[in-house]
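Visitor: coordinates only, no sequence provided:
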């Protein structure tokens, strides 16, 4: 459902390895696009439940999809006929961030991973989901910063620049 709504394969920016498997077991799910209809989003999130017994059955999905389809094409004013549906139809190939053909091939090729002793799957909290999707930043300050107010660093910089000029 996520792939249909986003036009991308899940976790296409991640290496498909043990670390990703552990994140998924610990509740990581792909980030949901904001412009998809809320009924579709709710159904997708139910399908992602860590407990298989809480996931909707195929017949339930079929019924819900048929209901959504009828709502889309009915004359009634509803969520699907308003801005939310219009936004979801704006997905274009330029916004899909399509991967290179080699990456697409590697993602579409089946692989069998043997991961042992995985913990019990669980659902992540909203805060944990946000943390999964936040980009990690390195706030470490390197020790080799040039201080242009220091006469010693100024001399070193001038020497380096002069050396570069001589090499040309």
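Guide: That came in fine, so what should we check first? Everything numeric in this text was worked out from a predicted model, so none of it was measured.
Visitor: can you pull out the strands in the protein?
Guide: Listed in chain order, the strands found in the chain under DSSP state E amount to none.
Visitor: quick one, helices of it?
Guide: 2-6, 18-25, 38-47, 58-73, 83-88, 101-108, 126-133, 151-167 (DSSP state H).
Visitor: rebuild these as a markdown table, extending it with distance to residue 117 and mean neighbour count.
Guide: C-beta coordinates here come from the backbone N, C-alpha and C atoms, glycine included. Converted to a markdown table, the helices of the chain look like this (distance: least, C-beta to C-beta, whole Å; neighbours: other C-beta atoms under 10 Å):
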| stretch | distance to residue 117 | mean neighbour count |
| --- | --- | --- |
| helix 2-6 | 28 | 16 |
| helix 18-25 | 11 | 14 |
| helix 38-47 | 26 | 15 |
| helix 58-73 | 31 | 12 |
| helix 83-88 | 41 | 14 |
| helix 101-108 | 26 | 11 |
| helix 126-133 | 21 | 12 |
| helix 151-167 | 52 | 10 |
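Visitor: hey, which helix or strand in this protein has the poorest pLDDT?
Guide: Least confident element among the helices and strands of the chain, by mean pLDDT, DSSP states H and E: helix 83-88 (a mean of 48).
Visitor: how near is the closest residue to residue 115 other than its chain neighbours to residue 132?
Guide: Excluding its sequence neighbours, the residue lying closest to residue 115 (C-beta to C-beta, 6 or more residues apart in numbering) is residue 21, at 5.5 Å. Between residue 21 and residue 132 the distance, using C-beta to C-beta, to the nearest Å, works out to 14 Å.
Visitor: do residue 69 as well
Guide: For residue 69, the distance to residue 132 under the criterion C-beta to C-beta works out to 32 Å.
Visitor: residue 118 contacts residue 24, doesn't it?
Guide: No. Residue 118 sits out of contact with residue 24 when judged by C-beta atoms under 8 Å, with a separation of 9.7 Å.
Visitor: residue ranges in this protein under the pLDDT threshold?
Guide: Within the chain, the stretches with pLDDT under 70 are 75-109, 135-139, 142, 144, 165-168.
Visitor: kindly recompute the last result at 80.
Guide: For the chain, the stretches flagged by pLDDT under 80 are 74-114, 133-150, 153, 164-168.
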